[in-house]
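1. this one's sequence-less:
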């Protein structure tokens with residue numbers, strides 16, 4: 001759970017960069033490929049991450065409207081990335097303007113329960129990390145390069161002239 005707005009904003013900014021790095025490596029050919037009937041395609045996962053910003057932002061009282069609700073997946077990964085960046089920025093501005101460090105223990109109705117505001121921020125970040133991890137597995141299966149986010153990927157080890165870790 002977050003106890004300081006600035007801590008969340010710093011973490012979110014880093015995670016935003018990682019998410020956009022993932023999005024940038026998804027090819028036109030691979031974005032809609034289904035690797036399994038019960039696994040979302042990469043563009044669907046990217047759009048889910050984008051829509052979650054406005055959906056949870058509205059539920060939490062940070063955003064007035066969920067402008068992305070019921071919107072179809074945009075045609076290109078660049079469009080998804082731009083919409084993601086825009087709404088990520090709106091979320092960050094709203095957190096800074098509407099919430100304070102001292103309010104992060106306040107309860108907000110969320111999904112039939114009550115969550116502390118600091119928990120909402122944590123879940124937003126962890127939810128994104130969870131689905132981004134799914135994306136990297138799908139990307140690997142589809143033969144796309146995988147970005148090193150918390151350490152070098154196989155491709156990055158090789159580019160450094162080092163053996164990739166097992």
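-> Here it is on my side, so go on. Keep in mind that what you see is a predicted model, and the values were worked out from it rather than measured. Numbering: from 1, shown residues only.

2. what does the lowest-mean-pLDDT helix or strand in the chain contact?
-> Ranking every helix and strand in the chain by mean pLDDT, DSSP states H and E puts helix 154-159 at the bottom, with a mean of 88. Residues outside helix 154-159 that contact it (C-beta atoms under 8 Å, 6 or more residues apart in numbering) are 145, 146, 148, 163, 164, 165. Quick note: C-beta positions are derived from backbone N, CA and C, even for glycine.

3. pLDDT score assigned to the fifth one?
-> Looking at residue 164, its pLDDT reads 83.

4. now it: how far from residue 153?
-> The spacing between residue 164 and residue 153, counted by C-beta to C-beta, to the nearest Å, is 8 Å.

5. comparing those two, which shows the higher neighbour count?
-> Under the neighbour definition other C-beta atoms under 10 Å, residue 164 and residue 153 were set side by side, and residue 153 has more, 18 against 12.

6. I'd say the more buried one and residue 144 touch.
-> No - here residue 153 lies out of contact with residue 144, judged by C-beta atoms under 8 Å, at a distance of 10.9 Å.

7. nearest residue to the middle of this structure?
-> residue 128 (3.5 Å; C-alpha atoms, centre = their mean).

8. other SSEs contacting the helix or strand where that one lies?
-> Residue 128 is part of helix 117-141, with elements assigned from DSSP states H and E. Contacting helix 117-141 under the criterion 3 or more C-beta pairs under 8 Å, 6 or more residues apart in numbering; DSSP states H and E are the following elements: helix 5-24, helix 42-59, strand 107-110.
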